[in-house]
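Student: The following comprises the amino acid sequence and a computationally predicted model.
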Amino acid sequence: MRKKSWNELSDGQKTAILTLMSVQVSLAVTAWTDLAFRPAEEVRGSKGRWAAIIAVNFIGPALYFLRGRRR
């Protein structure tokens, strides 16, 4: 099956893609901001490693919020 170009997508498909992209970027920015301002003692593992993990689509920020922070 051939991939569709952006112009071939319906308006609903374009809206869904843009919405998911916005959610992904918002999650990543929120996680990176939290990581930047959180003291290293309150982070499980190294901050550099978590910064890289956060870059992995939806999974990275979710992992950081669920497993990366100490409470």
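Tutor: Structure's in. What do you need?
Student: Return the residues in contact with the most centrally placed residue in the chain.
Tutor: By C-alpha atoms, centre = their mean, the mean C-alpha position of the chain lies nearest to Ala28, the distance being 3.5 Å. Ala28 makes contact with Ile54, Ala55, Gly60, Pro61 under the criterion C-beta atoms under 8 Å, 6 or more residues apart in numbering. C-beta: built from backbone N, CA, C; applies to glycine.
Student: What residues of the helix or strand encompassing it count as buried?
Tutor: Using DSSP states H and E, Ala28 maps to helix 11-37. Buried residues in helix 11-37, counted by 16 or more other C-beta atoms under 10 Å: Leu27, Ala28, Ala31, Trp32, Asp34, Leu35.
Student: do the same with stretch 37-56
Tutor: By neighbour count on 16+ other C-beta under 10 Å, the buried set for stretch 37-56 is Val43, Trp50, Ile53, Ile54.
Student: Return the member of these nearest to Ser5.
Tutor: For the buried residues of stretch 37-56, the minimum distance to Ser5 (C-beta to C-beta) is 30.2 Å, reached by Ile54.
Student: Surely the closest one touches Thr33?
Tutor: No - counting by C-beta atoms under 8 Å, Ile54 does not reach Thr33; the two are 10.3 Å apart.
Student: how close does Trp6 sit to Phe37?
Tutor: 37 Å (C-beta to C-beta, to the nearest Å).
Student: Repeat that for Arg49.
Tutor: Counting by C-beta to C-beta, the separation of Arg49 from Phe37 is 17 Å.
Student: now, the most widely separated pair of the contacts of Ala28?
Tutor: Between any two of these, the greatest separation by C-beta to C-beta is 9.1 Å, found for Ala55 and Pro61.
Student: quick one: low-confidence parts of the chain?
Tutor: Along the chain, the model assigns pLDDT under 70 to no residue.
Student: make it 90
Tutor: 1-3, 57, 70-71 (pLDDT under 90).
Student: Rebuild the contacts of Ala28 as TSV, extending it with distance to Gly68.
Tutor: Below are the contacts of Ala28 laid out as TSV (distance: C-beta to C-beta, whole Å):
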residue	distance to Gly68
Ile54	8
Ala55	13
Gly60	10
Pro61	9
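Student: List the contacts of Phe65.
Tutor: So Phe65 contacts Ala31, Asp34 (C-beta under 8 Å, 6+ apart).
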